[in-house]
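J.: From the sequence below, what's the structure:
(one chain, ligands or ions: 2)
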Amino acid sequence: MNDTSHTPAIEIVGMSKWFGSFHVLEDIDLKVKQGERIVVCGPSGSGKSTMIRCINGLEDFQRGRIVVHGQELRQRARALDDVRKKVGMVFQQFNLFPHLTVLENCTLAQRWVHKVPGSVAIDIAMQQLEKVRIPEQAQKYPGQLSGGQQQRVAIARSLCLRPSIMLFDEPTSSLDPEMVREVLDTMADLARDGMTIICVTHEMGFARGIADRIVFMDQGRIVEQAPPAEFFDAPREERTQRFLEQVV
Ligand code: ADP
Ligand code: MG
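T.: Ligands and ions are numbered 1, 2, ... in the order given. Okay, the predicted model is just below:
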């Protein structure tokens, strides 16, 4: 009766969103199974960020449904708080608190949002910093770290809240090229551990390597979705083909 393993992690049905009169997302349908890894790509302005921001309630939407782990997501409902606790998000900008150490960045939300006692929060933070392979940086401030290290702290900080879904919005786009790899490797580790992941990225090698499915968006719509082999080697839609010629 309590077996929820077949409940989709995320189900988006007929979702539309407008910014004023601008129809930014049109009739989005997307179902993500638990443990599934989705890469979202598409031209700039196609609505990728807006779509994933809707999934954790950072943006509201006007039509359709979003269900996360069986909970219907509606703005201002209590469900929103529950959903946010289950869904971690990492952005292009790391958004670490500059005046707090790495360790403090990782314990803050645990202590204040989840009411985890201090010593337990520190243990959890150190576990997650080990997971992203920078436990030795715990006492430093974000400004003392490289961009790649800061992004790994941002991932660890998110993991400290024990999310069951992780959303990434172009997590390597503001990094120097030599630091992209370490962040992609960290995400690949998470994928191997069975985390449900939606990642917006233009790193097509990464997409090919870890995605179960690639979702291609253009002008507010999901134009095509397919497993990587099919998506890259035999894209069906002309818009997808044009996009791939530019990024691969
Ligand atoms: P992507 O992440 O694919 O580049 P976005 O989701 O950021 O696309 O944006 C999709 C479209 O919505 C763009 O045309 C963008 O200018 C517009 N947009 C994004 N945020 C807002 C906002 N807060 N108000 C009005 N328009 C917005
Ligand atoms: Mg974006």
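J.: what residues are up against Asp82?
T.: Asp82 is in contact with Gln71, counting by Cβ atoms under 8 Å, 6 or more residues apart in numbering. In this view, the C-beta of every residue, glycine as well, is placed from N, C-alpha and C.
J.: does it belong to a helix or a strand, and which?
T.: Per DSSP states H and E, Asp82 falls inside helix 78-86.
J.: Looking at that helix now, give me its mean pLDDT.
T.: For helix 78-86, the mean per-residue pLDDT is 80.
J.: Name every strand pairing with the following helix or strand past that helix and say which way it goes.
T.: Next helix or strand after helix 78-86 toward the C-terminus (DSSP H and E): strand 87-90. Here strand 87-90 has these sheet partners by DSSP bridges: strand 165-169 (parallel).
J.: burial measure for the nearest residue to Gly118 once chain neighbours are set aside, as a count.
T.: The spatially closest residue to Gly118, leaving aside those adjacent along the chain, is Arg111, at 6.4 Å (Cβ to Cβ, 6 or more residues apart in numbering). Arg111 is flanked by 15 other residues according to other Cβ atoms under 10 Å.
J.: rewinding a little: now the helix holding Asp82 against strand 165-169, angle please.
T.: Helix 78-86 and strand 165-169 are oriented at 80 degrees to each other (axes from the mean of the first three to the mean of the last three Cα atoms, to 10 degrees).
J.: helices or strands up against the lengthiest helix in the chain?
T.: Longest helix in the chain by number of residues (criterion: DSSP state H): helix 177-192. Applying 3 or more Cβ pairs under 8 Å, 6 or more residues apart in numbering; DSSP states H and E, we find helix 177-192 packed against helix 147-159, strand 196-200, helix 204-210.
J.: Touching the shortest one from outside, list them.
T.: The set of residues external to strand 196-200 that reach it, using Cβ under 8 Å, 6+ apart, is 9-10, 32-41, 48-49, 52, 55, 164-171, 187, 190-191, 206, 210-211.
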